[in-house]
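> please find the sequence and the predicted model below.
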Amino acid sequence: MRKISLRHQPTELPLPMGGAPRAPLRRNRRPRLSLLTLCIVAGAFFIIFGLAILRSTSPMEASQRVRDTGRSALTAEEGQVAEEVRKEALRRQQQQWSSAPPPPTLTLPVVADAGENTKRQLSPTDAAVVVTPTTTTTTKLPAPPTPDPRVFQRTGREGEYRLEEPDRLPGLSISRRTYTAAELLEKFSNVDYIYSFVNGTEANHHYRKEVRVACIADVLRAENETYVSGYPMLVDSAATTTTNDPHGDTRRENRSNQGQPTNTAAVNPFAALSCVPKFMSDGVDGLKTVGSFLESVEGDARNGADNRDRETDELRHSIRSLEQHVQWHRGRVVIVSPGHHPTWVDGARNFLAGVCGGASVQALRSRGTHLRLTTVHQDALMPYGMRLTADSHVIEQHIWRVRNTTAVHVYMNDDYFVNRDVAITDLFNEYGGTIVRTEEGFLHEGEVADKGISWARGVRHAQQFNIQELDVHHEDDLPAKLVEMWTTLGRLENSTFTDTAHSSLPVLKGSNTDEAVDVARLFPAEPMHSTPLEPRRPRRYATHAPFVYCTNMFRFLSTRYEREFASAALHHRARVAADLFLPFLYNAFIMARPWQASPQFLPYLMQLHRSRGRTPTEAPPSLSISLDNVDGCAPATLLAGQASNGCVFGKFSDDIAENQRVVDLIARANPLYFNINAGFKTVAEADHLRAYLHDKFPTPVYLEQAPATTAADPEAAAADGDGEKDATAAAAAAANVVADAVLPPLFDALMALPVVGVVSYEEGVCPLVRSLSLAFAGHHRGRVHVAVQRYGDGEADETLREARTRLRNRVISATPVLKCAYGSAVKVASSARGEGVADVARRVLQASDGAGVVLPSTCGAGDGGAAGLRVRGFVMDARTPHAPVTSTAALRAALSMPGQTLALEDFRAMRVGPDDRDVVLVLAREDAAAKAVHWIDGASENDLLLTYPLPLEAYEDMTTPLAWAVP
């Protein structure tokens, strides 16, 4: 096993040099003297010349020569694609992800037709609190020392806890401060809790999983061939002729559409892919209608859920444990799933309580009760063009992209539970740094893994990556190829931001999920050292417990290692050992170099390398980083082993006695957190786990459909004898009385109102309709009207398929998906160019019989409330900005649909008359950032139907023959 000298600097590797070999000396041969002299002179000359070359080569270039050894060049076709990507980069709209907390107020702007901008505040939240520092320490870093060839080792507590000295980073200073427990609570009580959740019996998820298992190789082949050739490989020329628009009342009635598929009902895309999912194992002949196909998938999902995905109510009881033991929490609870919302959540409370719950309901916030659970579809976070995945390691790399994620967030699997009361100091140390919990065992040498599924090999693979990046590569390491990629993609802006006390630095845009597919295909990741490496500082196994994460560290990792992350997203569609296990990466980086998380650090490195170049024209940079989680991450604290970290890992199997030992261990150890991994195969043990969790956490949360404290008399609920618990129970009972009287009937009335959708391209209609299943969590039962708005002055607008052909779209979704077969509840019509959203809504609503729903007094009275407004319907404004699309960047965002569950505060009110109180509730793409609402973008109907591949009984005709969408 080779141990690399860790003082050996990869940025200063010696290059091959030398001269002609000298001939052996022969005695008594004076005629050879002149030849010997010439050889000596020539050798000296070549040595001097080689040294001059070495001196003129920057350390960065020398390192890059080593990195580039053995890398294959792009093909001519890929080079052409890369050039197109470069040209598009400058026009690409950068997707912004904010680490700021949600706005301090939730507002419902009421906009008149003439542009009146009166804002109606729905419900206030706590404003951001600025805490005065108590202690500040600033460390100025010296110039880099003379390289030392000795291996540098750190052992023991110093090795685990002491930060790296960034002594190769001149001009960098770091500062940190200390907090009291009260200050920590004031600063971090609003942290986001983000859950991952999978229900294996949900039909859309099961369909995607089975298609991935059976067809992923064929799907990737078709998508790759299309990317290289620029033409969809799955389009059958025999299936594309001239037809009329399928919607006779749309804007293109009686217009022939070149390239539109006609006989898609007769085309089986699985035959084209040469694969057969399990739910079609009996053949497609028996699945002739939309309804029969849906029944086949749903039946297979009920019987085919595996242990990992089986729903045994872990999420419900985990959230119960959170509310019971983290009552100081005032932030959001967000659930990231492949499209399903927990079925046990009360729809009325989740949609209305935050705005219309009344004073008694709002008061529950002060006791740690959450009035909303937001489910975000994982496709809203995942890279465009690579969304068909079941690799949880890859998905976790993008969890931090939840909109408005707080500077620190807590990541929870749905099988993590809080066992006893958690203090703020259980999550944060005195510097505001995160608490890192690990196992007792140490990691040793690393090893590059293959694509097997061994967890142990995956851990060694992550260790190899950490050793390479933190122990072998120094703090100033920045691959030239990475900077070249940033330049090609237009990530480097001409403008600069200035550190007020020091020099200007370039502005670097972070990683963009819309471009990740290009990064994965055109910019290869750095190869890892193939020889196992040994660490120079101790690292431990991550434990199964809630992960307290500094969000900016993920922003850094996703930018610095964008090529590695993008490659995994493209090539790893299920968990493999060659994944980068994120908890191990975070723990290693946060313990060693928390200052790297600063958004200014990578621009600083670029400036530093420029100042060290062959002919430096820029002065060395200077930078001050505050380790406060907003700039750099605060220094972390590591707690190793069960005695210190307070965590117990358990696993339920089919062995009843072993499961009981897990239960006894939890009772005996009384840990802060515990985890129960599902390893059983029988329904009996699933019921055993559910019963155990119910006995341990019997008190339902406010948002459950059947809360325990439903007593009509609040005093009857306060009879336990425990004063604090009695007060909480009484308050919950009083709130439930209000909720049961007001919210359910109001919610039922709202869900019967029509939904008006507005899109710019007809391909956006079907995805928008199907997205309502998650947006309203399956509760909407009103009619749906979708207007396809004209954007041009000619006889007919360019179709999106024609735009894709014109722009040579290279990214497709080759996963087979069903076209929409609208039933009587859905109507698609045209809309005139320039017609406003209010005009469209007014025209549609005039034809409806509904009088609207008046919001009650509990929704807030006066200028700051919504009480008294008469809601006539909902509007989903999914129009394409600046249609028609003129670039690849715009094409990838041409279509959009909501990608999360909605609540009343997500909408803004727009007046539609005739009375000033008559409004529609508008959800618009343009409000996504301000409202922190997730939308999913795509360039085609297929791109978005990958998220919702199956029909909805509420809106589609189940007797319609099967018809498949064409990429």
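Noted; the coordinates are in hand.

> per-domain residue ranges of this structure.
201-233+268-305, 752-954 (automatic domain parsing).

> for Ala359, the count of nearby residues, please.
Other residues within reach of Ala359, judged by other Cβ atoms under 10 Å, total 11. Backbone N, C-alpha and C define where each C-beta goes, glycine included.

> let's have the chain start at 52 instead
Happy to do that; since the first residue is 52 now, the last one works out to Ala410.

> if I look at it, how far off is Phe402?
From Ala410 over to Phe402 the distance is 19 Å, taken as Cβ to Cβ, to the nearest Å.

> what of Leu974?
Counting by Cβ to Cβ, the gap between Leu974 and Phe402 amounts to 13 Å.

> out of those two, which sits in the more crowded spot?
A side-by-side neighbour count of Leu974 and Phe402, using other Cβ under 10 Å, places Phe402 first with 26 against 22.

> and whichever helix or strand that one is part of, how far from the chain's centre?
Element membership for Phe402, per DSSP states H and E: helix 398-407. Between the mean C-alpha point of helix 398-407 and the mean C-alpha point of its chain there is a distance of 26 Å (Cα atoms, centre = their mean, to the nearest Å).

> average pLDDT for the very next helix or strand once past it?
Using DSSP H and E, the helix or strand that follows helix 398-407 towards the C-terminus is helix 409-413. The average pLDDT within helix 409-413 is 86.

> send the alpha carbons of helix 409-413 over as CSV?
Taking C-alpha atoms only, helix 409-413 is exported to CSV below (Å, rounded to 0.1, in the frame of the first residue of the first chain):
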residue,chain,number,x,y,z
GLY,A,409,-57.6,32.4,14.4
ALA,A,410,-55.8,33.5,17.5
SER,A,411,-56.1,30.3,19.4
VAL,A,412,-54.5,28.3,16.5
GLN,A,413,-51.8,30.9,16.0
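
> any buried residues in it, and which?
Judged by neighbour count using 16 or more other Cβ atoms under 10 Å, the buried positions of helix 409-413 are Gly409, Ser411, Val412, Gln413.

> TSV please, covering the residues you listed and showing distance to Glu669.
Rendered in TSV, the data for the buried residues of helix 409-413 read as follows (distance: Cβ to Cβ, whole Å):
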residue	distance to Glu669
Gly409	61
Ser411	62
Val412	58
Gln413	55
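
> remind me what the helix holding Phe402 packs against, helices and strands.
strand 156-162, strand 168-175, helix 774-802 (3 or more Cβ pairs under 8 Å, 6 or more residues apart in numbering; DSSP states H and E).

> now do that helix: everything it contacts.
Outside of helix 398-407, the residues within contact range by Cβ atoms under 8 Å, 6 or more residues apart in numbering are 157, 159, 173-174, 408, 412, 422-424, 753-754, 790, 793-795, 797-799, 801-802, 827-828, 830, 906-907, 909-911, 917, 952-956.

> which PyMOL command selects the buried ones in these?
Command for PyMOL that selects the buried part of the contacts of helix 398-407, burial taken from 16+ other Cβ under 10 Å:
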select buried, resi 157+159+173+174+408+412+422+423+424+753+754+790+793+794+797+798+801+802+827+828+830+906+907+909+910+911+917+952+953+954+955+956
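
> show the average pLDDT along stretch 385-397.
When pLDDT is averaged over stretch 385-397, the result is 96.

> cool, and stretch 968-981?
The predicted model assigns stretch 968-981 a mean pLDDT of 95.

> compute the first-to-last residue distance for that stretch.
According to Cα to Cα, to the nearest Å, stretch 968-981 extends 24 Å from its N-terminal end residue to its C-terminal end residue.

> can you list the buried residues in it?
Applying a neighbour-count criterion of 16+ other Cβ under 10 Å, the buried positions in stretch 968-981 are Arg968, Asp969, Val970, Val971, Leu972, Val973, Leu974, Ala975, Arg976, Asp978, Ala979.

> off-centre distance for it?
Mean-position distance between stretch 968-981 and its chain equals 24 Å (Cα atoms, centre = their mean).

> give me the residues contacting that stretch.
Residues from elsewhere that reach stretch 968-981, judged by Cβ under 8 Å, 6+ apart: 147, 149, 154, 161, 454, 807, 826, 888-889, 892, 896, 903, 905, 919-930, 932, 947, 949, 953, 955, 957-963, 984-986.

> again, but for stretch 698-710
Outside of stretch 698-710, the residues that reach it under the criterion Cβ under 8 Å, 6+ apart are 488, 594-596, 693, 713, 716-717, 720, 722-733, 736, 739-740.

> could you list the buried residues of that stretch?
Buried positions in stretch 698-710, judged by neighbour count with 16+ other Cβ under 10 Å: Cys698, Val699, Phe700, Gly701, Phe703, Ser704, Asn710.

> can I get it in PDB? Just the C-alpha atoms.
These are the backbone C-alpha positions of stretch 698-710, laid out as PDB (Å, rounded to 0.1, in the frame of the first residue of the first chain):
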ATOM      1  CA  CYS A 698     -27.700   8.000  19.600                       C
ATOM      2  CA  VAL A 699     -28.900   4.400  19.300                       C
ATOM      3  CA  PHE A 700     -29.100   2.600  16.000                       C
ATOM      4  CA  GLY A 701     -31.600  -0.200  15.700                       C
ATOM      5  CA  LYS A 702     -32.900  -2.500  13.000                       C
ATOM      6  CA  PHE A 703     -36.200  -4.400  12.800                       C
ATOM      7  CA  SER A 704     -36.000  -7.800  11.100                       C
ATOM      8  CA  ASP A 705     -38.300 -10.800  10.900                       C
ATOM      9  CA  ASP A 706     -36.800 -12.100  14.200                       C
ATOM     10  CA  ILE A 707     -39.300 -11.100  16.900                       C
ATOM     11  CA  ALA A 708     -36.800 -11.700  19.700                       C
ATOM     12  CA  GLU A 709     -34.100  -9.500  18.100                       C
ATOM     13  CA  ASN A 710     -36.700  -6.700  17.500                       C
END
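
> list the contacts of Val568.
Neighbours of Val568 in contact, by Cβ under 8 Å, 6+ apart: Tyr278, Pro434, Tyr435, Gly436, Met437, Ala617, Leu621, Val862.

> closest one of those residues to Val835?
Tyr435 (26.3 Å; Cβ to Cβ).

> tell me how far Ala826 lies from Thr750.
Counting by Cβ to Cβ, the separation of Ala826 from Thr750 is 30 Å.

> which one's more surrounded, those two?
Using other Cβ under 10 Å as the criterion, Ala826 and Thr750 rank with Ala826 on top: 25 against 16.

> ok, now which ones touch the residue nearest to that one when sequence neighbours are not counted?
Distances taken as Cβ to Cβ, 6 or more residues apart in numbering place Pro949 nearest to Ala826, at 4.5 Å, with adjacent residues excluded. Neighbouring residues of Pro949 by Cβ under 8 Å, 6+ apart: Ser822, Leu823, Leu825, Ala826, Met927, Leu974, Val984, His985, Trp986, Ile987.
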